[in-house]
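# the sequence and its predicted three-dimensional model are supplied below.
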2 protein chains.
Amino acid sequence: MSINLFYLCRQNNFKNMEQDNLPLGMVVGQMMKEMINVLKKRDAEQAEVPLTIEQHAVLHILNERKSDVILKEMSCVMGKNKSSILRIIDVLEVKELVRRAVDTKDRRKKYLMVTKKGKQVIEKFLKIEAELRTELKKGLTKKEIKIFYKVVNHIKMKAEQL
Amino acid sequence: MSINLFYLCRQNNFKNMEQDNLPLGMVVGQMMKEMINVLKKRDAEQAEVPLTIEQHAVLHILNERKSDVILKEMSCVMGKNKSSILRIIDVLEVKELVRRAVDTKDRRKKYLMVTKKGKQVIEKFLKIEAELRTELKKGLTKKEIKIFYKVVNHIKMKAEQL
DNA sequence: ATAAATTAATTGACATATGCAACTAATTTT
DNA sequence: AAAATTAGTTGCATATGTCAATTAATTTAT
């Protein structure tokens, strides 16, 4: 069996390119992809109830919010279509991580309530994520990380305005 | 009609949170999402042949590579399944941006050739992207941008090793 | 008070994306 | 010549995403 070195990809991918001139989405996207891959893998291995990243995100945001949230608001918060969120909620409800509770005053509204099990699941995920984050940041200075977050935030805000 | 201020979301989303303690993928993901939204919109408006971001990525990488590429290698370069890439290639071939050319020596292999039209399409996209990138970077110093890319690269490499 | 408009949730249709496993055809190894 | 490997392909499943239409509840306008 002859190992074709040409095919040992990914390592040499973009390495010598001037990143400054590469599509931003592509550069950041690659980073995201690698990161999410590890995260998914660890979640699948370690969590009792593995979810997709989107599902985790919804659950996490539901859990963090100060006040109770309905579907409409979630879709708005996450900048996604109502039906996308609805289907994610459907999955979360089947897995008993979220329940819908009808507003007694306005019966159109359904509050999305995180169950105890849901809280446990998201806490476990956050642990896995925090651990990974620590590993990924190793070797970077606090200042660099701070600037990184600043730039991320800057780009996000700029993009929102366009 | 009463405007419910509570629902004017996204603006206040995460604003007061310590980003350092938020899931990294979520923070960066939000940035990506906003950015890609603008990019898609502009591509749809300005390009003669609008593509999805993934399709553009494949076309761009095919175009940039120094040597001719087969499906297997593309899937490896992009860190995705063969069938995912295959289907993107199918779309690109229907739109006449890419053609498959069988290797005369090894007829299993099919080289993915970018057509003239394909080159035009990707160049137009890169123009749109570069313009947007300039706008997004406005207000940031060169140093900040450099550090940003450094951190992105660092995280990507770290994640690859895990 | 009733009709019209608005709102929230849902559903259906459809496109994209991704991954796994099985299959075919061509080539290489044994 | 048989067995193993390789590249491409197909089918199936899941997730996500958008759009448009529907239903039910509420609010606004007349």
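Received it, and whenever you're ready, just let me know what you need. Numbers count the residues shown, from 1 in each chain, chains lettered A, B, ... in the order given.
# tell me how far the host helix or strand of A:Asn153 lies from the chain's centre.
Secondary structure assignment for A:Asn153, by DSSP states H and E: helix A:142-161. Relative to its parent chain, helix A:142-161 has a centroid offset of 17 Å by C-alpha atoms, centre = their mean, to the nearest Å.
# that helix close to chain B?
Yes: counting by C-beta under 8 Å from any C-beta of the partner chain, chain B is contacted by helix A:142-161 at A:144-145, A:147-156, A:158-160. Yep, even glycine has a C-beta here, placed from its N, CA and C like the rest.
# need the residues of chain A near DNA strand D, please.
Residues of chain A that fall close to DNA strand D, judged by C-beta under 7 Å from any atom of the strand: A:1, A:4, A:7, A:52-55, A:80-84, A:87-88, A:91, A:105-108.
# ok, and of these, which contact DNA strand C?
Applying C-beta under 7 Å from any atom of the strand to the residues of chain A next to DNA strand D, those adjacent to DNA strand C are A:Met1, A:Lys82, A:Ser83, A:Arg87, A:Arg108.
# tell me the spacing between A:Ala101 and A:Ser84.
Applying C-beta to C-beta, to the nearest Å, the value for A:Ala101 to A:Ser84 is 21 Å.
# hmm, back to that, so which residues make contact with the helix holding A:Asn153?
A:24, A:137, A:140, B:10-11, B:19-20, B:27-28, B:30-31, B:34-35, B:37-38, B:135-140, B:144-145, B:147-148, B:150-152 (C-beta atoms under 8 Å, 6 or more residues apart in numbering or on different chains).
# just the buried subset of those residues, please.
Neighbour counting by 16 or more other C-beta atoms under 10 Å in any protein chain shown classes A:24, A:137, A:140, B:19, B:27-28, B:30-31, B:34-35, B:38, B:136-137, B:140, B:144-145, B:147-148, B:151-152 among those as buried.
# which of these fall within helices?
Using DSSP state H, the subset of these located in helices is A:24, A:137, B:27-28, B:30-31, B:34-35, B:38, B:136-137, B:144-145, B:147-148, B:151-152.
# among those residues, which are in reach of DNA strand C?
With C-beta under 7 Å from any atom of the strand as the criterion, those include none near DNA strand C.
# so which residues of chain A form helices?
Along chain A, counting by DSSP H, helices occupy A:24-46, A:53-64, A:71-77, A:82-94, A:116-137, A:142-161.
# report all helices and strands that the second one contacts.
Helices and strands in packing contact with helix A:53-64 are listed as helix A:24-46, helix A:71-77, helix A:82-94, strand A:110-114, helix A:116-137, helix B:24-46; criterion 3 or more C-beta pairs under 8 Å, 6 or more residues apart in numbering or on different chains; DSSP states H and E.
# low-confidence ranges, chain A, go.
By pLDDT under 70, the low-scoring segments of chain A are A:1-21.
# report how many residues lie close to A:Met157.
A:Met157: 15 surrounding residues under other C-beta atoms under 10 Å in any protein chain shown.
# relative to DNA strand C, how far out is it?
According to C-beta to the nearest atom of the strand, to the nearest Å, A:Met157 and DNA strand C sit 25 Å apart.
# again with A:Lys40
Plainly put, A:Lys40 is 9 Å away from DNA strand C if you go by C-beta to the nearest atom of the strand.
# I'd say that residue and A:Ile53 touch.
Yes: using C-beta atoms under 8 Å, A:Lys40 is in contact with A:Ile53, at 6.8 Å.
# of those two, give the one with the bigger neighbour count.
The neighbour comparison of A:Lys40 against A:Ile53 (other C-beta under 10 Å) goes to A:Ile53, with 19 against 15.
# thank you, goodbye.
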